[in-house]
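Asks: Here is my input, please return the structure:
(chains A and B)
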Amino acid sequence: MAILTHPVVPLLEVSGLTMDFGGIRALDHLDLRVRHGEIVALIGPNGAGKTTFFNCLTGIYTPTGGDLVLTPPGREPRRLNGLKPNRITEQGLARTFQNIRLFKSMTVLENVMIGRHCRTRTGILGAVCRGPRTRREEQEIVGTSLALLERTGLADQADEVAASLPYGAQRRLEIARALATEPLLLLLDEPAAGMNPQETAELIELIIAIRADGLSILLIEHDMRLVMRLSDHIFVMDYGRRIAEGTPAEVRRDPAVIRAYLGEETHDA
Amino acid sequence: MAVITPKDLRNAAGVALWFMFLTFPLLVVKINTVARTVEWRWQNLLWVGVAGFVASLVSRLFAARKLARQERIRQGLERQLPAAGRRLLGHPRLRLAAEVVLALFLLAFPTLFSTYQVNILTTALMYVVLGLGLNIVVGLAGLLDLGYVAFYAVGAYTYALLNLHFGLGFWTVLPIGGLLGALFGILLGFPVLRLRGDYLAIVTLGFGEIIRLVLENWSDFSRGPSGIANIPRPGLFGLDLTLDAAIVYLYFLTLAMVLFTVFVVNRLQHSRIGRAWIALREDEIACQAMGIDKTRTKLAAFALGATWAGMAGVFFAAKTTFVNPASFTFLESAIILCIVVLGGMGSIVGVIVAALILILLPEYLRAFADYRMLVFGAVLVAMMVFRPQGLVTGVRRTYTPGR
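Replies: As a prediction, the model looks like this:
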């Protein structure tokens, strides 16, 4: 229903985003937007600049030009350019990584607890004295984190070391950890990569459930079945530029997309 | 079952020969500088050969047994058991008993042993504090700090100088030493925020040397290499203590300091900020992406680590009643780092055990005079080969009691 209350302003508005690495232009005036409650997919051939875009969005890179604006429901728009990664997470963007980056020697539960860091306050003194406030906060952290593990189907492995989880579970743990930061927009970088069909099916269910909670999702994915099934809107990139956008049906028919994925054709196949 | 094969024997013989070759210059050749003669002690070579051969065979047997066991576990014939020590400590009654015995032993130590022994143990306990402090920086936050001794020096000179110029006592200076340590920790922290690993190690190494060189050369300030003497020992409500009593008193103070450190480090480790440190160590980018402020977390680690070094420095000055820059060389940093690595990164018990071993072992090895550093080095090498994760591996805390 968030869409009704905010008919005009999208949650995330990216305009003219440019990223240069020396002489190489990895992102070239990219425009993209995510509306409240939408699942948006960003697709494109390898090396198109999708992950670079994520890295700009989450503050790992500082974009050379353009604007990243996040408008939380009922609040003022905020420009995200140049903010440090942790500030961007505080604003309500959380991400997963293409090549899983869990805290390997920590337990599954602790990984999710780290996600609560930016929503909790205990400092050094609080930690040493461990007064009632700190204890309450710790309980809240553990409770919320366990609930998230329950949701992502990892509750039984809560006390296991993260590195010991099977691949698909590690991907889900990354999602649980990102959710722990209470994001408005969840960024998933190839969440289905390397998953078997069973795991992918579970992932699709999880993503739908997350959206049902009112979160917006922006995902990079190569698994076209997943993309077509989940997305409300698709942006297609190639060579750092946006080459197409639209609903799954529109994108599927777009000649520019077919060209980017299948190569130039001289006559109809 | 594992059987010794001719191949094992050949390998063991090879190892023995290699060790004989390695230790030859140290153990066999002895130059008598007074008589200007060279002594050849061939019997030592024989001992090294025999010991190397046996040790190599034994270690091979153990390795084979371990492999066979893992194979059986893999096939589901045997269950993986936690290490014996952990099983014992997991038993609450046994654990309590062990703790009580240890506490009684530590309390009775000064009455049971001579002042000399008490002195040595006090030193070892001070290294426990240093080790636990560096453990925050290296073990938890994963920031390789090779200049840790600089903060130790800051603490020691804080007491020495404040006492010299203003007559301030131990108890007043202790918190000041800690604070100044923290301040210097932040001073070092700022420029190295972007650095990691080797680069961080080099800069911290340089920082440690800078502090020492300043103390050595700025004579007006620190009295240079000749140091500052006649630093008073800690007082006890204005009572005059005899030398022996003062040593025992300092022993108990250091013991209290260790308990305090363990308490604080333990709480920090299992808190929001402790988890942030470990996350920072594991993956800096993911850590930031999860909303952790890298700058603040790193500075907090540097500052807190340095606080303990500062306070340990005040203890050091009070214990030796004399400070000079020679006490704060890179070797000290290296020993403290050894304590952390040997004990097991991030493990409090490990650091305590390692500090006691590393400081007490060379003392009690004095009987072997010439070889004590050799044995010391051999122990470290053996550790890294057989237990690279350290004496005690940190156990991840579980938060799900009902499970």
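Asks: do you know how far the nearest residue to B:Gly274 once chain neighbours are set aside is from B:Thr261?
Replies: Using CB to CB, 6 or more residues apart in numbering or on different chains and skipping the chain neighbours, the partner closest in space to B:Gly274 is B:Leu268 (4.9 Å). All C-beta atoms are positioned from the backbone trio N, CA, C, and that covers glycine. Per CB to CB, to the nearest Å, B:Leu268 is found 10 Å from B:Thr261.
Asks: neighbour count winner among these two?
Replies: Here B:Leu268 and B:Thr261 are set side by side on neighbour count (other CB atoms under 10 Å in any protein chain shown), and the busier one is B:Thr261, at 25 against 20.
Asks: Not counting sequence-adjacent ones, nearest residue to the residue of the stretch 101-250 of chain A found nearest chain B?
Replies: Among all residues of the stretch 101-250 of chain A, A:Cys118 sits closest to chain B, at 2.8 Å; criterion: CB to the nearest CB. Computed as CB to CB, 6+ apart, the closest residue to A:Cys118 that is not its neighbour in sequence is B:Gly291, at 2.8 Å.
Asks: Which of the three states applies to that neighbour?
Replies: Under the three-state scheme (DSSP: H, G, I helix; E, B strand; the rest coil), the conformation of B:Gly291 reads as coil.
Asks: what's the average pLDDT for the longest helix anywhere in chain A?
Replies: Ranked by number of residues, the top helix in chain A under DSSP state H is helix A:132-151. Per-residue confidence for helix A:132-151 averages out to 91 on the pLDDT scale.
Asks: hmm, it in reach of chain B?
Replies: Yes. Contact of helix A:132-151 with chain B is found when judged by CB under 8 Å from any CB of the partner chain, involving A:Thr134, A:Glu137, A:Glu138, A:Ile141, A:Val142, A:Leu146.
Asks: With stretch A:219-228 instead?
Replies: No. For stretch A:219-228 and chain B, the contact criterion (CB under 8 Å from any CB) is not met; the two come no nearer than 14.9 Å.
Asks: swap in stretch A:95-103?
Replies: Yes. Where contact is defined by CB under 8 Å from any CB, part of stretch A:95-103 touches chain B, namely A:Arg95, A:Phe97, A:Arg101, A:Leu102, A:Phe103.
Asks: about what we covered before: any idea which helix or strand comes after the longest helix of chain A?
Replies: helix A:167-179 (DSSP states H and E).
Asks: May I see the buried residues of that following helix?
Replies: Residues of helix A:167-179 classed as buried by neighbour count (16 or more other CB atoms under 10 Å in any protein chain shown): A:Gly168, A:Ala169, A:Gln170, A:Arg171, A:Arg172, A:Leu173, A:Glu174, A:Ile175, A:Ala176, A:Arg177, A:Ala178, A:Leu179.
Asks: filter those residues down to the ones close to chain B.
Replies: Of the entries in these, the ones placed beside chain B under the rule of CB under 8 Å from any CB are A:Arg177, A:Ala178.
Asks: Quick check: the gap between the residue in chain B that chain A sits nearest to and A:Leu149.
Replies: Of all residues in chain B, B:Gly291 sits closest to chain A, with a separation of 2.8 Å (CB to the nearest CB). For B:Gly291, the distance to A:Leu149 under the criterion CB to CB works out to 19 Å.
Asks: show me where chain A has helices.
Replies: For chain A, the helices defined by DSSP H occupy A:2-5, A:50-57, A:85-91, A:108-115, A:124-129, A:132-151, A:167-179, A:197-212, A:224-230, A:248-253, A:255-262.
Asks: Out of the ones you listed, which one sits most buried?
Replies: Per residue and on average, the most neighbours among the helices of chain A fall to helix A:108-115, with a mean of 28 (mean count of other CB atoms under 10 Å in any protein chain shown).
Asks: for that one, packing partners?
Replies: Helices and strands touching helix A:108-115, as assessed by 3 or more CB pairs under 8 Å, 6 or more residues apart in numbering or on different chains; DSSP states H and E, comprise helix A:132-151, helix A:167-179, helix B:272-282.
Asks: which bits of the stretch 151-269 of chain A sit near chain B?
Replies: For the stretch 151-269 of chain A, the residues in contact with chain B under the definition CB under 8 Å from any CB are A:Ala158, A:Asp159, A:Val161, A:Arg177, A:Ala178, A:Ala180, A:Thr181.
Asks: Separate out the buried members of those residues.
Replies: For these, a burial check counting by 16+ other CB under 10 Å picks out A:Ala158, A:Val161, A:Arg177, A:Ala178, A:Ala180, A:Thr181.
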